[in-house]
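> Quick one, structure for this:
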Amino acid sequence: MENEPGDDYIRRTASYIRTHEQGLAAAALPRRRRAKVASEPSYLNPLGWFGTDSTAPSTAKPVILTFDFHHLFYLLMRLEALGIDIGSLDVRTDTPSRPMNYINIFPGSDKSDALSLLSFRSSLSAVSRLSLGAGWWGRAPPPNVDAELKYIFSCFTKLPALRLHAPEAKLIAELANESPNENALPLDAFKSLETLQCINIDPRTLLGWDRLAESLRSLSI
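Numbers count the residues shown, from 1 in each chain. Take a look at the predicted model:
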């Protein structure tokens, strides 16, 4: 299976979130309280859909944002490179009960020169400062990756539901030849999470349970 460049994945994720904004908001669990009078909508706020009263009827079909461990860890690395606090990416997980990485039994590349995960994260800080102007492309430039990352992070902080599942075969191209990641996944960015589904994921590989305990109302392991 062909791997995907990291910037392409970031843009695709941001596009998916924008397309399914109403559905993602509809995944919020209903609350038993009197509905408030709706405030005047702000067309300048791309996250206005998260402010919807969950007691109000919605015609949107609920959508749960879904990631595997590898892809969400990559997004968090890119956010960290922008100086955004997403929790620690340096906590090693000992003897997880479920695989944290996709295991390829027919590797086709030499990994002897692979960068360590820490080295790759260090390089991201420098790369994130570089950009190409529209004149280079000769056409309308693609969405700015840093802006897309900030949009994704803003959505993470408001997201009501998240599903994490076992690693996929398709990887981020820049990480495909690196040593398997054995660090835990911090969920500090998900400040409003009500529903968390872990499918074939060892919960010990996740960090931030103290914060999650304040907002979670549904947990599936």
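> need the strands for the protein, in chain order.
Secondary structure of the chain by DSSP state E: the strands cover 65-68, 161-165, 185-186, 195-199, 206-207, 218-220.
> So what are the sheet partners of the second one and their directions?
Each strand paired with strand 161-165, and its direction, by DSSP bridges: strand 65-68 (parallel), strand 195-199 (parallel).
> Of all the residues in the shortest one, which ones are buried?
Within strand 65-68, the residues that qualify as buried by neighbour count (16 or more other Cβ atoms under 10 Å) are Leu65, Phe67, Asp68. All C-beta atoms are positioned from the backbone trio N, CA, C, and that covers glycine.
> Confidence-wise, which helix or strand of this protein is lowest on average?
Sorted by mean pLDDT, DSSP states H and E, the helices and strands of the chain end with helix 134-137, the least confident at a mean of 48.
> where in this structure is pLDDT low?
In the predicted model, the chain carries pLDDT under 70 at residues 1, 32-58, 95-140.
> Recalculate using a threshold of 90.
1-2, 30-60, 92-143, 166-169, 176-182 (pLDDT under 90).
> what comes up buried for stretch 79-91?
Going by neighbour count (16+ other Cβ under 10 Å), the buried part of stretch 79-91 is Leu79, Glu80, Ala81, Leu82, Ile86, Gly87, Leu89.
> and which of the buried residues of strand 65-68 is nearest Thr157?
The shortest approach to Thr157 among these belongs to Leu65, at 12.6 Å (Cβ to Cβ).
> isn't the closest one right next to Thr19, touching?
No. Counting by Cβ atoms under 8 Å, Leu65 stays clear of Thr19, with 11.9 Å between them.
> Need the strands paired with strand 161-165 in a markdown table (columns: distance to Asp210).
Shown next, in a markdown table, are the strands paired with strand 161-165 (distance: least, Cβ to Cβ, whole Å):
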| stretch | distance to Asp210 |
| --- | --- |
| strand 65-68 | 21 |
| strand 195-199 | 14 |
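> wait, which of those strands is closest to Ala28?
Nearest of the strands paired with strand 161-165 (Cβ to Cβ): strand 195-199, 8.4 Å.
> quick one: contacts of the closest one?
Outside strand 195-199, the residues that touch it by Cβ atoms under 8 Å, 6 or more residues apart in numbering are 27, 29, 64, 160-166, 187, 206, 212, 216-221.
> which among the residues you listed end up buried?
Applying 16+ other Cβ under 10 Å to the contacts of strand 195-199 flags Ala27, Ile64, Pro160, Ala161, Leu162, Arg163, Leu164, Ala166, Leu187, Leu206, Leu212 as buried.
> Most widely separated two among those residues?
So, those by Cβ to Cβ: farthest apart are Pro160 and Ala166, at 22.9 Å.
> picking up where we left off before, okay if I get the buried residues of strand 65-68 as a markdown table plus distance to Phe153?
Below are the buried residues of strand 65-68 laid out as a markdown table (distance: Cβ to Cβ, whole Å):
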| residue | distance to Phe153 |
| --- | --- |
| Leu65 | 13 |
| Phe67 | 14 |
| Asp68 | 19 |
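> wait, which of the residues you listed is closest to Phe156?
Closest to Phe156, out of all of these and judged by Cβ to Cβ, is Leu65, at 8.6 Å.
> distance of that closest one from Asn3?
21 Å (Cβ to Cβ, to the nearest Å).
> what's the answer for Ser192, then?
Applying Cβ to Cβ, the value for Ser192 to Asn3 is 32 Å.
> Kindly report the same for Thr195.
Taking Cβ to Cβ as the measure, Thr195 and Asn3 are separated by 30 Å.
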